[in-house]
Each structure stands twice: as structure tokens, then as C-alpha cells.
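**Student:** model the following, please.
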Amino acid sequence: MWSSLFPCALGPLHRDDILALAESSLELNSWTLEEALEPLRRFVVGDGINNGYVYGHPRLGIHFRERLSSSERCEVDAHILAWCNDQVASAQDSNTALSSYVVHYFGAHLERADAELPRYKPLLSDVWRNAWFAHEGSHSSYKADLLRIRKALQRSLQNTRSTENRLELIVMGMRCAMCLASVNQVAANTPAEFVVPLVEKAVWPRHGALAYARAIENPTCRARALICLRNVHKINQIT
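**Tutor:** Numbers count the residues shown, from 1 in each chain. Here you go, the predicted model:
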């Protein structure tokens with residue numbers, strides 16, 4: 001199954017990700033993985049450490065995914081989703097760091113699978129919110145997952161008739177709405193002028209500040225924040 005991970009992955013996979021996802025019967029390790037990747041070197045780029053393994057062109061991923069049978073795609077997709085879910089559960093129990101792949105693509109995998117709302121529950125945890133902030137320095141990408149949950153809520157409510165199940169969905173929906181309101185409030189109430197000192201003092205990484213600026217709904221405030229960031233970039237280039 002491991003070679004089918006690349007067509008079904010939504011982004012770069014690091015070495016530890018592949019070793020965790022590969023079947024135990026293969027006995028893959030850091031050394032044997034390099035050998036196993038040799039036949040794919042024409043198509044796959046990355047070193048697995050600083051840069052994850054990924055197809056050199058996005059269309060290659062589409063091409064090889066289409067060559068898999070429907071049952072193969074479903075099997076690998078389900079395997080990746082189960083791994084993502086286990087990673088979040090482990091982080092909640094032992095406070096371990098989440099894989100970058102899990103943080104960036106778990107929500108997208110759930111969306112591609114048309115998962116029902118209860119399966120999105122890990123994405124409403126504090127562990128998930130903190131993981132996004134640790135990776136991005138802002139909550140803008142976390143907001144994208146919240147919007148996925150809201151979309152899944154609408155679909156699940158249409159397909160659910162049981163009153164008890166609908167109540168459970170509504171509770172999740174309310175929590176999602178509160179998280180979304182909180183994220184929007186942070187973006188709305190953080191003055192654009194704060195961007196410069198926060199980035200200059202390394203309190204806020206530049207990519208996190210940029211994500212914050214893009215998430216501001218007010219066009220004038222968004223433009224002012226982006227201009228502030230541009231000025232910081234110019235100053236850094238000069239110095």
C-alpha cells in the first residue's frame with residue numbers, strides 16, 4: 001500500500017509520515033525507505049526531512065490516482081484518515097506534537113471523503129487549534145477547517161432524521177460557530193499597526209502575520225495590514 005500513498009496524499013509526506021503509514025509487514029525504516037523510493041525518483045521530489053516527498057508536478061498525482069481502482073483509493077484514503085485521527089487522539093492523551101501533514105491536510109481529507117459531521121470532532125479540540133497556531137502563527141488556516149465543519153453540518157442535518165442525533169449535530173454546530181466568531185473577533189480587533197512591532201520582535205512569524213492580514217474582513221483594515229507587512233519586508237531587505 002505504501003507506494004499508493006503518494007497518489008492519495010494531498011501534500012508533501014515526510015519520512016516519519018511514510019514510516020508511520022506503511023504496513024508493518026514491509027519493515028520499512030530510514031535506510032530501506034530510500035531504496036524503496038529509487039524507482040519513483042523520476043516522479044517524486046523532496047528529501048523527506050526538510051522537504052516532504054511529493055510529485056514533481058500536481059498532474060502526476062491526479063494521473064496516478066486515477067490509475068488506482070476505486071477500492072484501492074478508498075482503502076488508502078481510509079488508512080490516511082485513520083492515521084490522522086490516531087495522531088490527534090495521541091496528541092490529546094500525551095501532548096505530543098502533530099505531524100505537519102496531519103495539521104495541514106486532515107480537514108481536507110475529511111472533506112474529500114464527504115465525512116459525516118461527528119468525524120470532524122477532533123478539529124474542534126484545543127489540541128487542534130493550538131497545533132494550527134504552532135504551525136502557522138495565526139488562526140486563519142484553522143478558520144478554513146471551521147468552515148469545512150459548517151459545510152458538513154449542513155449536509156449532515158439534511159441526512160439525519162433522529163431527534164437525538166440532530167441534537168448532537170446542533171451542539172457541534174454551536175461550538176463551531178463560537179470558535180468561528182472568536183477567530184473573526186481576533187482578526188477584527190487586532191490593530192493593523194500592531195503587525196510591524198510583533199513581526200520585528202519575532203513575537204509573530206511573518207507568514208502568520210500575513211495569514212492574519214488576509215483574514216481581515218474589512219477591506220480598508222486588510223489593505224492597511226498588508227501595507228504594514230510590505231513595509232516590514234522592505235526594511236528587512238535594506239538591513
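**Student:** what about the helices in the protein?
**Tutor:** Ranges of helices in the chain, per DSSP state H, are 5-8, 15-21, 30-37, 58-67, 70-94, 100-112, 126-136, 140-159, 163-189, 195-200, 206-215, 219-238.
**Student:** next, format the ones you listed as JSON lines and append mean pLDDT and mean neighbour count.
**Tutor:** The C-beta positions use only the backbone N, C-alpha and C, and glycine is treated the same way. Output for the helices of the chain, formatted as JSON lines (pLDDT from 0 to 100; neighbours: other Cβ atoms under 10 Å):
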{"stretch": "helix 5-8", "mean pLDDT": "92", "mean neighbour count": "20"}
{"stretch": "helix 15-21", "mean pLDDT": "92", "mean neighbour count": "19"}
{"stretch": "helix 30-37", "mean pLDDT": "84", "mean neighbour count": "13"}
{"stretch": "helix 58-67", "mean pLDDT": "90", "mean neighbour count": "13"}
{"stretch": "helix 70-94", "mean pLDDT": "93", "mean neighbour count": "15"}
{"stretch": "helix 100-112", "mean pLDDT": "96", "mean neighbour count": "21"}
{"stretch": "helix 126-136", "mean pLDDT": "89", "mean neighbour count": "17"}
{"stretch": "helix 140-159", "mean pLDDT": "90", "mean neighbour count": "17"}
{"stretch": "helix 163-189", "mean pLDDT": "87", "mean neighbour count": "14"}
{"stretch": "helix 195-200", "mean pLDDT": "76", "mean neighbour count": "18"}
{"stretch": "helix 206-215", "mean pLDDT": "77", "mean neighbour count": "20"}
{"stretch": "helix 219-238", "mean pLDDT": "70", "mean neighbour count": "14"}
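**Student:** can you list these in a markdown table and add distance to Gly46?
**Tutor:** Formatted as a markdown table, the helices of the chain follow (distance: least, Cβ to Cβ, whole Å):
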| stretch | distance to Gly46 |
| --- | --- |
| helix 5-8 | 10 |
| helix 15-21 | 9 |
| helix 30-37 | 10 |
| helix 58-67 | 13 |
| helix 70-94 | 18 |
| helix 100-112 | 12 |
| helix 126-136 | 18 |
| helix 140-159 | 21 |
| helix 163-189 | 32 |
| helix 195-200 | 29 |
| helix 206-215 | 20 |
| helix 219-238 | 27 |
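**Student:** nearest to Gly48, out of those?
**Tutor:** Gly48 lies closest to helix 15-21 among the helices of the chain, at 3.6 Å (Cβ to Cβ).
**Student:** so how far is that closest one off the chain centroid?
**Tutor:** 17 Å (Cα atoms, centre = their mean, to the nearest Å).
**Student:** equivalent analysis for stretch 216-231, please.
**Tutor:** Centre-to-centre, stretch 216-231 and its host chain are 25 Å apart (Cα atoms, centre = their mean).
**Student:** got it, and stretch 175-195?
**Tutor:** The gap between where stretch 175-195 is centred and where its chain is centred comes out at 19 Å by Cα atoms, centre = their mean.
**Student:** ok, and what's touching it?
**Tutor:** Contact with stretch 175-195 is made by 124, 129, 139-140, 142-143, 146-147, 149-150, 153, 204, 209, 212-213, 215-218, 221, 224-225, 228-229, 232, as judged by Cβ atoms under 8 Å, 6 or more residues apart in numbering.
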